[in-house]
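# with the sequence up front, the predicted model follows.
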Amino acid sequence: MSGAGRFEAQHEHDEHDGPGQEQEQDKRREGYGGAGGRGDNGHRDAGGDGGSGHEPHGAGGSEPDRPARIPTPRASVEDGGRPPSAAEADGLVPVPLDLPHDVLKSLLGAWALAACSAAETAAVEDHLGSCGSCADEARRLREAVGLLHRPESLDLDPALRTRVLESCLERRPPRIPVPEWAVPYDAETARLDALLQDFGRAEWHAPVRLRWFESDTARSRRTTVAGVIAHLLSVDGLVAVGLGLPDPLAEVGEVAERRAVGPQERTEAFWRTSRFPPTRSVRGPWREQSHSLVRTVSFTGGHAGGLPVSYGDVELPLHDAMLDRAFACWVHAEDIAEAVDYPYGPPATRHLHKMIDLAARMLPAALAERRQAGLASPGRGRHLGVAGEPGRSLRLEIEGHAGGEWLIPLDSPAAVGSAEHEVAHVALDGVEFCRLAAGRISPEDAAAGQLGDREAIRDVLFATAGLSRM
């Protein structure tokens with residue numbers, strides 16, 4: 001053992017001693033007879049502190065020829081890259097085996113993979129200190145092992161679940177299939193549920209800030225992870241009511257509170273009328289409600305897609321409402337993942353494309369609402385067109401595999417987008433566009449390529465942010 005190793009072992013012993021014992025150890029180093037040592041009279045003392053045979057400080061008492069009273073050094077786990085064995089845990093160092101050069105060379109591959117025993121590892125490492133050719137070979141093997149074990153994320157590909165289900169369904173079609181327009185909601189609720197399953201109490205109470213745009217102004221509301229799930233439960237209840245399922249708000253609210261019709265009003269009512277702040281217990285009702293929604297729309301055979309679902313100030317057909325709830329589930333899952341510092345990817349490509357398409361289809365009505373609210377001034381050349389006729393349009397180009405191009409009519413939601421009447425062109429990344437539509441980034445901060453009528457571009461970007469809600 002080297003001198004440095006002895007120093008570390010002594011230091012480890014000192015850490016386990018109390019403050020009062022450090023002075024006694026200093027005395028032993030300076031010649032005092034300690035427990036089991038010798039005093040100035042040459043006799044072995046029976047006790048520890050304060051023996052009668054002690055010599056005054058600086059007398060230079062002789063030390064006996066015996067091992068230092070310090071713990072045996074323990075082998076480091078890092079030395080072999082393996083968990084400590086029982087012998088190593090007890091502080092015993094494996095004795096290197098006396099093996100010939102050929103045997104030691106044949107063990108280099110197992111050593112590089114950390115597959116040797118403690119004694120074999122000690123023998124190989126002792127040999128590497130004196131054999132240059134084996135040391136070079138060991139270095140090359142360790143580098144090769146590093147290439148075999150590339151660092152990868154432990155998070156599964158968001159599209160993995162979809163691919164597995166598609167593969168299974170190709171072999172055995174379901175007796176009652178989930179409608180195509182409900183599949184994104186099924187996938188996103190399953191992803192969020194998987195994120196929540198291992199949360200402890202601290203994670204459920206982690207602070208989360210809900211963000212959205214209202215009247216061209218950024219809004220936010222502080223809650224917790226449990227509060228976000230309560231929010232999803234409350235707003236998904238609008239779809240449940242449209243399908244004739246129980247309203248989750250009826251379980252916690254009074255009659256006056258159950259009259260809340262909008263997403264924000266329902267969420268505030270749920271938070272306000274709950275006896276305690278939402279906790280992890282909210283996961284069960286939310287999960288059961290999401291399963292009930294998917295089961296119910298599956299039993300309808302997909303024919304109920306046109307059933308109206310009221311959001312208070314707007315009404316969506318059921319197939320769009322389910323897609324809207326899938327979008328909200330993904331966005332709020334990202335909020336939760338950010339709060340607990342956990343990575344969370346976007347939806348599967350084809351699901352993300354459907355969400356982008358829904359937002360693009362909602363933009364003409366959002367532009368009309370902005371004009372009615374006085375938030376958008378009439379642009380040059382604006383004119384009221386006949387329903388179904390082409391009018392001034394903006395080309396919305398969404399980049400990425402989930403993207404595409406949409407012609408957005410600017411002057412009337414009843415008009416038809418037309419390439420011949422195109423006055424502006426905006427290009428955005430798919431995920432960036434979705435985060436703008438969710439109110440997570442402001443229109444000024446959106447990384448958008450712009451060409452053409454600046455006023456029309458501004459209106460479309462702010463109308464996209466205005467699609468967001470709490």
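Happy to help now that I have it. Residues are numbered from 1 along each chain as shown.
# when you work out contacts or count neighbours from here on, use the C-alpha atoms and nothing else.
Fine.
# from memory residue 333 sits against residue 190, does it?
No. Shown here, residue 333 and residue 190 do not form a contact pair, counting by C-alpha atoms under 8 Å, at 10.9 Å.
# which one's more surrounded, the two?
Per other C-alpha atoms under 10 Å, whichever of residue 333 and residue 190 has more neighbours is residue 333, with 25 against 17.
# what helix or strand is the more buried one on?
helix 318-339 (DSSP states H and E).
# ok, which stretches of the stretch 251-400 of the chain are helices?
Using DSSP state H, counting those that start in this stretch, the helices of the stretch 251-400 of the chain run over residues 263-273, 283-299, 318-339, 349-372.
# try the stretch 51-200 of the chain
77-80, 86-89, 101-106, 108-112, 118-128, 132-148, 160-171, 183-196.
# least reliable of those by average pLDDT, please.
Note on those: lowest mean pLDDT is at helix 77-80, with a mean of 43.
# ok, now which ones touch the closest residue to residue 450 other than its chain neighbours?
Once flanking residues are discounted, residue 450 sits nearest to residue 426: 4.8 Å by C-alpha to C-alpha, 6 or more residues apart in numbering. Counting by C-alpha atoms under 8 Å, 6 or more residues apart in numbering, residue 426 touches 394-397, 448-451, 457.
# please name the bridge partners of residue 426.
For residue 426, the beta-bridge partners under DSSP bridges are residue 396, residue 450.
# next, work out how far apart it and residue 329 are.
Using C-alpha to C-alpha, to the nearest Å, residue 426 is found at 27 Å from residue 329.
# ditto for residue 423
Separation of residue 423 from residue 329 (C-alpha to C-alpha) stands at 35 Å.
# same question, residue 134
57 Å.
# compare the two and say which is more crowded by neighbours.
residue 329 (24 against 19).
# quick one: contacts for the more buried one?
Contact partners of residue 329, counting by C-alpha under 8 Å, 6+ apart, are 185, 188-189, 192, 232.
# are any of those residues buried, and which?
Buried by 16 or more other C-alpha atoms under 10 Å: 185, 188-189, 192, 232, out of the contacts of residue 329.
# and which of those residues is nearest to residue 346?
residue 188 (9.6 Å; C-alpha to C-alpha).
# shouldn't that closest one be in contact with residue 328?
No. Contact criterion C-alpha under 8 Å: residue 188 and residue 328 do not qualify, at 9.2 Å.
# can you list the residues that contact stretch 403-423?
Counting by C-alpha under 8 Å, 6+ apart, 353, 356, 360, 363-365, 367-368, 382-398, 429-430, 452-453, 456 sit against stretch 403-423.
# return the distance of it from the chain's centre.
When distances are taken as C-alpha atoms, centre = their mean, to the nearest Å, stretch 403-423 is centred 38 Å away from the chain's centroid.
# so for it, mean pLDDT?
Averaging pLDDT along stretch 403-423 yields 91.
# show me what counts as buried in that stretch.
403, 406-418, 422-423.
# just give me the closest of the contacts of residue 329 to residue 348.
residue 188 (9.3 Å).
# ok, the closest one - contacts?
Per C-alpha under 8 Å, 6+ apart, neighbours of residue 188: 326, 329-330, 347.
# remind me which residues of the protein are low pLDDT?
1-96, 148-159, 169, 251-260, 275, 377-387 (pLDDT under 70).
# hang on, the earlier thing: farthest-separated two in the contacts of residue 188?
Maximum distance among those (C-alpha to C-alpha): 10.3 Å, for 329 and 347.
# can you put the contacts of residue 188 in CSV and add distance to residue 141?
Below are the contacts of residue 188 laid out as CSV (distance: C-alpha to C-alpha, whole Å):
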residue, distance to residue 141
326, 49
329, 47
330, 44
347, 40
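# return the set of buried residues in stretch 454-470.
Buried-residue list, stretch 454-470, by 16+ other C-alpha under 10 Å: 456-470.
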